[in-house]
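A.B. asks: curious how this folds, go ahead:
(4 chains)
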Number of protein chains: 2
Amino acid sequence: MTSAGRQSWRDLRDHIRGRILDQTFRPGDKLPRDEDLAQEFQCARTTVQRAMQALVDDGLVERKRKGGTTVRPDPVTRTTLDIPITRAEIEARGHGYRHHLIDRSTPEAPATIAARFGTPDPGKLLRLRALHLADGQPYVFEDRWVSFDTVPEIAAVDFSQVSSNEWLVRNRPYSRCEVQIYASPCTADEAAIMEVEPGTAMLVLERTTWLDEAPITHVRALHAPGYRLITGEARPGKLAR
Amino acid sequence: MTSAGRQSWRDLRDHIRGRILDQTFRPGDKLPRDEDLAQEFQCARTTVQRAMQALVDDGLVERKRKGGTTVRPDPVTRTTLDIPITRAEIEARGHGYRHHLIDRSTPEAPATIAARFGTPDPGKLLRLRALHLADGQPYVFEDRWVSFDTVPEIAAVDFSQVSSNEWLVRNRPYSRCEVQIYASPCTADEAAIMEVEPGTAMLVLERTTWLDEAPITHVRALHAPGYRLITGEARPGKLAR
DNA sequence: GTTATGAATATGTAGCTACATATAATTGTC
DNA sequence: GACAATTATATGTAGCTACATATTCATAAC
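C.D. replies: The predicted structure follows:
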């Protein structure tokens, strides 16, 4: 709450959310119009608007012009997932970071990559396979494809020093990113690299990034057994909101 | 773009984002103050504020009072994950949905559940194990614990008709949710239920939800091989923003 | 030097106004 | 009754103003 009589949009948001949580408003129900809520809460419509937009972003309500505000009938569990640079992640856990470039090649683009990029011809590609280690233990094995067309400078980078993961994130921000998460049994090759038994259940994160329509990179990152992706409320940069 | 001379905060957001993407502003760099940007773009500071907040939400920039706006030095890949009700998910894929309650019991709370709930004593718990089927094929196996203290009505619900997943989501909205995602080899029990070989790599989603401080439920959901969690830009309710 | 104290300043918030825009609801036409 | 045109209305957006609040930076006191 801010000083004295002023209503914060947060207070209003929390109040409405509370009414949704305590079933005063049930899924599908229509909420009062902004102006009525403003009157009820003795605040400006601006404030109601802000509170409502927050609830829309949370996936709790839907708003339509003239149609008014309704509680979403099909509730979803919505969370935010932050995937940091692997080095940062390992160091944040207090482990020593090291990475190792396994190989670097410029093979023909397989159809799967072209499909992921969404282009018929992905052009020349650089393939990098690298291992990230935490305290010397295999942590993440990444199999990456980078578009030479979109990122020509990559030819000159020495990836024995910087990981391609870090270099790309720092030097090639993307405008669109798609992530797929699934479990996969470890192949013999991968098992040798990750120092686990073949067939071990591994968490795989596939990420594809674009700059506008141009594909930047596609990575398939295999995570060591025991790895857990955690999503919470705490979204950096959104904490205080 | 809106009519004629008016600047949309979206235009401004996209412009600034563009400057970050094209490296005009690099990680760690300081952006001009709101007022200067407003002047430069011939718009009100309100508009700059809105655009900036959008960039903060995207995890692209950080803002501090008096400190100004800076491009985030530690870029993260941020995505939004929507986990729908399992029935809705299966039906959206065009499959027939069916679910089967395997068993229902009220055992002592294991320490792991108490730990997840974050309470020393989680109170009396209901345990439900159920299988969701898509076109008759095992799709998700969920092992759920529900707090009787928080959700006493659950004792009376007939879960042979409605899945606990759906009942809870529809009747017990939460205020906080934590998700963990990992890969796990299938145990013999689980393998029998999911009709797969023991040891098969399975994607596991663990969800814990609270209403304020009171724990509602904890689920461990085992997904059939081939299942992929996909996160995209498209966030329902946030599409147009 | 080191630590309080205070002023300066960039962002955060809320209110007001005015108008834009989508769409539900109504009316009119055949 | 079915369909098209029109009106009414709830939300969306942007500008303005005023003040709140958190830091940084500079200054003063020890």
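
A.B. asks: ranges for the helices of chain A?
C.D. replies: A:9-21, A:34-41, A:45-57, A:86-92, A:111-117, A:164-171, A:188-194 (DSSP state H).

A.B. asks: if I look at the nearest residue to A:P107 once chain neighbours are set aside, how far off is chain B?
C.D. replies: In space, and not counting its chain neighbours, A:P107 is closest to A:R127: 5.8 Å by Cβ to Cβ, 6 or more residues apart in numbering or on different chains. Where you see a C-beta, it was placed from the backbone N, CA and C, and this is true even at glycine. According to Cβ to the nearest Cβ, to the nearest Å, A:R127 stands 21 Å off from chain B.

A.B. asks: low pLDDT regions in chain A?
C.D. replies: Confidence mapping of chain A against pLDDT under 70 gives the ranges A:1-7, A:232-241.

A.B. asks: just put the helices of chain A in JSON lines and tack on mean neighbour count and distance to DNA strand C.
C.D. replies: Conversion of these to JSON lines gives the following (neighbours: other Cβ atoms under 10 Å in any protein chain shown; distance: least, Cβ to the nearest atom of the strand, whole Å):
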{"stretch": "helix A:9-21", "mean neighbour count": "18", "distance to DNA strand C": "4"}
{"stretch": "helix A:34-41", "mean neighbour count": "15", "distance to DNA strand C": "7"}
{"stretch": "helix A:45-57", "mean neighbour count": "19", "distance to DNA strand C": "3"}
{"stretch": "helix A:86-92", "mean neighbour count": "17", "distance to DNA strand C": "24"}
{"stretch": "helix A:111-117", "mean neighbour count": "16", "distance to DNA strand C": "32"}
{"stretch": "helix A:164-171", "mean neighbour count": "20", "distance to DNA strand C": "23"}
{"stretch": "helix A:188-194", "mean neighbour count": "15", "distance to DNA strand C": "42"}
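
A.B. asks: distance to DNA strand D added to those helices, as CSV?
C.D. replies: Output for the helices of chain A, formatted as CSV (distance: least, Cβ to the nearest atom of the strand, whole Å):
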stretch, distance to DNA strand D
helix A:9-21, 11
helix A:34-41, 3
helix A:45-57, 5
helix A:86-92, 21
helix A:111-117, 31
helix A:164-171, 23
helix A:188-194, 42
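
A.B. asks: now the ones you listed in CSV, with distance to chain B?
C.D. replies: Converted to CSV, the helices of chain A look like this (distance: least, Cβ to the nearest Cβ, whole Å):
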stretch, distance to chain B
helix A:9-21, 5
helix A:34-41, 17
helix A:45-57, 5
helix A:86-92, 6
helix A:111-117, 12
helix A:164-171, 5
helix A:188-194, 12
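
A.B. asks: to B:R19, which of these lies closest?
C.D. replies: Proximity to B:R19 (Cβ to Cβ) singles out helix A:164-171 among those, at 15.3 Å.

A.B. asks: who are the packing partners of that closest one?
C.D. replies: In terms of contacts (3 or more Cβ pairs under 8 Å, 6 or more residues apart in numbering or on different chains; DSSP states H and E), helix A:164-171 is packed against helix A:86-92, strand A:125-134, strand A:137-147, strand A:214-223.

A.B. asks: what sits up against the shortest one?
C.D. replies: Yep, that's helix A:86-92 we're talking about. Identification of contacts with helix A:86-92 by Cβ atoms under 8 Å, 6 or more residues apart in numbering or on different chains yields A:84, A:96-97, A:99, A:132, A:134, A:139-140, A:142, A:163, A:165-166, A:221, B:74.

A.B. asks: please repeat the previous calculation with a cut-off of 6 Å.
C.D. replies: For helix A:86-92, the external contacting residues (Cβ atoms under 6 Å, 6 or more residues apart in numbering or on different chains) are A:Y97, A:H132, A:A134, A:V140, A:N165, A:E166, B:D74.

A.B. asks: ok, so what distance separates the closest residue in space to A:V151 that isn't next to it in sequence from A:Q161?
C.D. replies: Nearest residue to A:V151 in three dimensions, chain neighbours excluded: A:R172, at 5.7 Å (Cβ to Cβ, 6+ apart). Distance, A:R172 to A:Q161, by Cβ to Cβ, to the nearest Å: 17 Å.

A.B. asks: higher neighbour count, these two?
C.D. replies: Higher neighbour count among A:R172 and A:Q161: A:R172, with 19 against 9, using other Cβ atoms under 10 Å in any protein chain shown.

A.B. asks: give me phi/psi at that one?
C.D. replies: Phi and psi for A:R172, reported as degrees, to the nearest 10, are phi -130, psi 70.

A.B. asks: got the domain boundaries for chain A?
C.D. replies: Domains of chain A are assigned by automatic domain parsing as A:9-71, A:86-223.

A.B. asks: ok, so of the contacts of helix A:86-92, who is nearest DNA strand C?
C.D. replies: Using Cβ to the nearest atom of the strand, B:D74 comes nearest to DNA strand C of these, at 18.3 Å.

A.B. asks: quick check: residues of chain A near DNA strand D?
C.D. replies: Contact residues, chain A versus DNA strand D (Cβ under 7 Å from any atom of the strand): A:2-3, A:31, A:33-35, A:45-46, A:49, A:52-53, A:56, A:63-69.

A.B. asks: tell me the centre residue of chain A?
C.D. replies: Nearest to the geometric centre of chain A sits A:L81, at 4.5 Å (Cα atoms, centre = their mean).

A.B. asks: roughly how far does it sit from B:K64?
C.D. replies: 25 Å.

A.B. asks: please indicate which of the contacts of helix A:86-92 are buried?
C.D. replies: By neighbour count, with 16 or more other Cβ atoms under 10 Å in any protein chain shown, the contacts of helix A:86-92 hold A:Y97, A:H132, A:A134, A:V140, A:N165, A:E166 as buried.
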